[in-house]
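J.: Compute the structure for the input listed below.
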Amino acid sequence: MSRVLFAEPGSTWWPVLWGPVFAVVGAGVEALSGRVHVLAWLLVGLGLAGLTALWVRARRRLLCVLLTGETLVEGPETLAVQRIAEVGVDPPARARVLGGAWTVPRKLDEIAVRLDDGTVVLAWARDGDGLLTALREMVSG
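T.: Numbering: from 1, shown residues only. All right, here's what the predicted structure looks like:
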């Protein structure tokens, strides 16, 4: 496997703790007023943790960015690095977004990339400057 030059996982797993923390706080507030419904709060905590785990898993699959010496992975799409001719060009109005979305995901920076066939596509990352630097080093070196 090729060396990783840039990586963003899309999400961390810590949001899965939101549900259990909410359930503990809820049980604590309920304890102030009398009987605590332990089973109900346990089910609430587990249910919210399960739903959040699905959300985190989807974000990790759809928003991950990985650049190695051979490939650029943008969510579900993989692009061979050898196809990248130029980085940081002016994007046309209707440039295709890597990863299959209609637009660059919210709160992520876009990087315009010219491919070997002349088309311009939009790569994206939370740390746009980091990805841009890694891509420039890859193309120039």
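
J.: Roughly how far does the residue lying farthest from the centre of the chain sit from residue 44?
T.: Distance from the C-alpha centroid of the chain, by CA atoms, centre = their mean, peaks at residue 34 (43.3 Å). In this structure, residue 34 and residue 44 are 18 Å apart, going by CB to CB, to the nearest Å. (Each C-beta comes from the backbone N, C-alpha and C, glycine too.)

J.: Ok, residue 98 next?
T.: From residue 98 to residue 44 the distance is 39 Å (CB to CB).

J.: Between the two, point out the one with more neighbours.
T.: residue 98 (23 against 17; other CB atoms under 10 Å).

J.: count of neighbours near the nearest residue to the more buried one once chain neighbours are set aside?
T.: Residue nearest to residue 98 in three dimensions, not counting chain neighbours: residue 74, with 3.9 Å by CB to CB, 6 or more residues apart in numbering. For residue 74, the count of nearby residues is 26 (other CB under 10 Å).
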